[in-house]
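Trainee: The sequence and its predicted three-dimensional model are supplied below.
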Amino acid sequence: MNALTLPDIAAQASRQALPLDWVGMCGIALPVLIDGQRLSATADAGVSLDDGEARGIHMSRLYLALEMLEQENLKPALLRRVLRSFLDSHEGLSRSAYLKIRADLLLKRPALISPLAGWKSYPVSIEARLKNAMFHVELKIDVAYSSTCPCSAALSRQLIQQQFVDDFANRSLEHADVLAWLGSTKGMVATPHSQRSTAHLSLRLDDYLDDLPLIALINDAEAALGTAVQTAVKRADEQAFALANGQNLMFCEDAARRLNLALKRSPGLHAFHVRVVHAESLHAHDAVAESRWNWEAA
Ligand SMILES: Nc1nc2c(ncn2[C@@H]2O[C@H](COP(=O)(O)OP(=O)(O)OP(=O)(O)O)[C@@H](O)[C@H]2O)c(=O)[nH]1
């Protein structure tokens, strides 16, 4: 049997004539280049099947178009070319094309004080759509940070004050005694709880952008939060982190508001949705806050 005789089921007429919103493949393994970094990624690639009479799309054509992503840095223009190729190879069948790429971006992060540095992984996804000649790119980025509860800090301070009253009642205050007391466990009878937290950022990019501003957006988000989780840590770094947390107490509402304000100042965005999740150590459930700007369902 040669190729000419192979049955082509996709080209048959559909028994139920009905257009479909999305048809394609999910979870395709793919190497991609982001800012020169070779990353292991997975891709979802699809098109609409607007011709309801056609039995199926041609999956191999989408799959093969993804080869364009192997050698070039991921940029909006490249994503657009891939989507254009999806549509060109489905002329008469499809009017919209979709590509989602997921990867873990690795960034080397310096310690707060010591000259050390270590790698941090940021789950990112890049979603591109081409529909009626309109091209859109949306980024999703997860940023991990530490949050210390302001309520718990205030309650702890009150207990420390109470301890001070108990320990120094009817005593004259000597500087050396107070200093020694502050350095003892009695000087901190209670500690506020803090938690590892995650900001899930969904970001719609302006159409004119030449590059994907992943690193700039991560940096903006971490600067706004103030207490990004660390990589290599010596004691001096841990002490600086403790100070940063103490100066940066936050409820999930505070984190969501800070991110909202920071992302509005970030260039290249025209809409975003922020969801912060504080994996509480006080509770067995999470504290969550969301904030949107110019965001409605795509
Ligand atoms: N449309 C469709 N194809 C599927 C599905 N599952 C597996 N495939 C297979 O995907 C393979 C590639 O499809 P096509 O791109 O149409 O392959 P082809 O006909 O050899 O390629 P062209 O000549 O370019 O059309 C076929 O062998 C299909 O059977 C499915 O659910 N839908």
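Mentor: On my side now, so go ahead. Numbers count the residues shown, from 1 in each chain.

Trainee: Please point out which parts of stretch 206-222 sit buried.
Mentor: 212-214, 217-218, 220-222 (16 or more other Cβ atoms under 10 Å). The way it works is simple: take the backbone N, C-alpha and C, and place the C-beta from them, glycine included.

Trainee: Run through who's touching it.
Mentor: Here stretch 206-222 makes contact (Cβ atoms under 8 Å, 6 or more residues apart in numbering) with 34-35, 74-77, 105, 107, 122, 124, 126, 135-137, 139, 141, 143, 145, 199, 201, 203, 205, 228, 259, 262-263, 265-270.

Trainee: Sort out which of these are in strands and list them.
Mentor: Counted as lying in strands by DSSP state E, out of the contacts of stretch 206-222, are 34, 105, 107, 122, 124, 126, 135-137, 139, 141, 143, 145, 199, 201, 203, 205, 269-270.

Trainee: So which of these would count as near the ligand as well?
Mentor: Among the ones in strands among the contacts of stretch 206-222, no residue is within reach of the ligand (Cβ under 6 Å from any ligand atom).

Trainee: Give me the PyMOL select line for those, limited to the buried ones.
Mentor: Applying 16+ other Cβ under 10 Å to the ones in strands among the contacts of stretch 206-222 leaves a buried subset, and the PyMOL line that selects it is:
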select buried, resi 34+105+107+122+124+126+135+136+137+139+141+143+145+199+201+203+205+269
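
Trainee: residues near Ala287, how many?
Mentor: Neighbour count for Ala287, taken as other Cβ atoms under 10 Å: 19.

Trainee: what bridges to it?
Mentor: Applying DSSP bridges to Ala287 yields these beta-bridge partners: His278.

Trainee: right, and it touches Glu280 too?
Mentor: Yes - the criterion here is Cβ atoms under 8 Å, and Ala287 meets it with Glu280 at 5.5 Å.

Trainee: Show me how far the longest helix seen in the chain is from its chain's centre.
Mentor: Assignment by DSSP state H gives helix 150-168 as the longest helix of the chain. On the basis of Cα atoms, centre = their mean, to the nearest Å, helix 150-168 sits 37 Å off its chain's mean C-alpha point.

Trainee: what's downstream of that helix, the next helix or strand?
Mentor: helix 175-182 (DSSP states H and E).

Trainee: angle of that next one against helix 150-168?
Mentor: Per axes from the mean of the first three to the mean of the last three Cα atoms, to 10 degrees, the angle that helix 175-182 makes with helix 150-168 is 130 degrees.

Trainee: Quick check: which helices or strands does helix 175-182 pack against?
Mentor: helix 150-168 (3 or more Cβ pairs under 8 Å, 6 or more residues apart in numbering; DSSP states H and E).

Trainee: which secondary structure elements does the helix it packs on contact?
Mentor: Counting contacts by 3+ Cβ pairs under 8 Å, 6+ apart, helix 150-168 packs against helix 175-182.

Trainee: first vs last residue of stretch 279-295, how far apart are they?
Mentor: Stretch 279-295 has its terminal residues 25 Å apart, counting by Cα to Cα, to the nearest Å.

Trainee: quick check, nearest of the buried residues of stretch 206-222 to the ligand?
Mentor: Ranked by distance to the ligand (Cβ to the nearest ligand atom), the buried residues of stretch 206-222 are led by Leu212 at 28.9 Å.
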